[in-house]
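Chemist: Fold the following.
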Amino acid sequence: MNSYLNERRHLKISLAAVLLLMIWGLVFNELTDSNIVELDAGSYVISGIIGLITIYVSRLQERPESDTHPLGYSGFVPILNLIRNLMIILIAIKAVGESIGSIITGPPAPEHGTLFLYAGVTLLINTSCYTYMQRASSQFNSSLLKTDALEWKIDTISNVSILGTFGLSFGLEHYGYTLLSHYVDPVICIFFSIYMCIGPGKLFVENMQQISVSSVDKKTQDLLIRKLEKAHPLLSSNLTHFTIVNIAGVLWVNLEIETDDTLKTPELVHAAECCQKVLDELSPKNKLSYQLFDRVPNDSTPEVLWEKLKNKLWKQS
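Modeler: Numbers count the residues shown, from 1 in each chain. Alright, predicted model coming up:
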């Protein structure tokens with residue numbers, strides 16, 4: 001089965017679970033005044049919306065390169081992950097503000113029975129989904145599934161914290177510290193919100209770096225050049241120069257080849273095919289481009305060879 005089809009299948013299962021939790025959270029948000037439940041429900045609403053867009057982006061990745069998208073559509077993945085992580089951070093900031101307001105005005109009494117029911121069922125669903133998505137992300141090496149699994153991990157840890165928070169509040173009330181038990185929810189919600197920002201914050205920076213144009217680290221570049229030079233004699237000669245960059249997670253290699261009347265089209269085509277094979281082995285998301293330079297002034301050889309090369313490669317693809 002196509003890797004993108006597998007990716008979408010797992011994303012749809014994850015989305016179904018998110019929609020279930022979204023409805024579950026919205027219902028309990030109306031049944032209780034807990035800041036933590038409101039934060040949790042809000043995160044599921046955002047996850048549901050982003051989940052729908054994620055499936056669409058997964059479909060985009062299957063489309064071939066075009067004039068408007070010469071690198072294909074892989075660049076949409078870090079953009080989507082950037083938006084997703086930013087929205088999680090914004091929800092957490094909003095929760096901090098509301099919790100502080102609740103502390104100042106005086107928090108309401110918690111409904112422990114309702115809260116334990118919400119946290120217990122939510123924890124069960126989150127744990128199951130995290131285990132499932134973590135295995136899927138490792139199996140298919142997908143950045144979309146990796147981000148989705150990270151969200152389920154955050155939610156699982158969050159639910160353990162939520163359950164512990166409600167337990168602490170219940171214990172304080174049981175032993176006579178009723179007023180103090182009311183403040184547990186908003187205070188823990190503040191720390192909980194700060195924790196929620198750590199993982200998405202790291203991924204936010206990582207995706208910002210992917211969106212930008214950056215040079216490949218020296219170790220990867222040296223490894224790639226060594227493999228290319230071994231792949232074909234022309235690629236190891238002084239006639240060929242490499243430019244290697246990373247654009248939105250796509251490994252882009254540009255070949256600059258000095259030509260003269262001794263270079264033949266089949267040789268150039270074979271060198272390009274060998275280069276493409278090496279790129280496919282190192283990175284599933286790659287782009288190979290070529291530039292031919294004439295070593296003999298006023299000779300039309302490069303233009304003729306370049307047109308033949310493009311025509312032959314495009315026909316094969």
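Chemist: can we go C-alpha only for contacts and neighbour counts from here?
Modeler: Will do.
Chemist: Give me the packing partners of the helix or strand containing N81, helices and strands only.
Modeler: If you go by DSSP states H and E, N81 is part of helix 76-105. On a contact count with 3 or more Cα pairs under 8 Å, 6 or more residues apart in numbering; DSSP states H and E, helix 76-105 meets helix 35-60, helix 143-174, helix 178-211.
Chemist: Recalculate using a threshold of 6 Å.
Modeler: Other elements packing on helix 76-105 under the criterion 3 or more Cα pairs under 6 Å, 6 or more residues apart in numbering; DSSP states H and E are helix 178-211.
Chemist: per-residue confidence averaged over the helix it packs on?
Modeler: What helix 178-211 shows for mean pLDDT is 80.
Chemist: Run the angle between that helix and helix 143-174 for me.
Modeler: 170 degrees (axes from the mean of the first three to the mean of the last three Cα atoms, to 10 degrees).
Chemist: State the distance from the nearest residue to V45 once chain neighbours are set aside to M133.
Modeler: Spatial nearest neighbour of V45, excluding adjacent residues (Cα to Cα, 6 or more residues apart in numbering): M22 at 5.6 Å. As defined by Cα to Cα, to the nearest Å, M22 lies at a distance of 18 Å from M133.
Chemist: Give me the more crowded residue out of these two.
Modeler: More crowded of M22 and M133, by other Cα atoms under 10 Å: M133, with 24 against 20.
Chemist: Was I right to think that one contacts A149?
Modeler: Yes. If you go by Cα atoms under 6 Å, M133 and A149 touch, sitting 5.0 Å apart.
Chemist: picking that back up, okay, and the residue nearest to V45 sits in which element?
Modeler: M22 is located in helix 3-31, with elements delineated by DSSP H and E.
Chemist: Low-confidence stretches in the stretch 201-317 of the chain?
Modeler: 209-217, 237-239, 247-249, 259-265, 284, 290-317 (pLDDT under 70).
Chemist: swap in the stretch 51-200 of the chain?
Modeler: In the stretch 51-200 of the chain, residues with pLDDT under 70: 57-58, 60-77.
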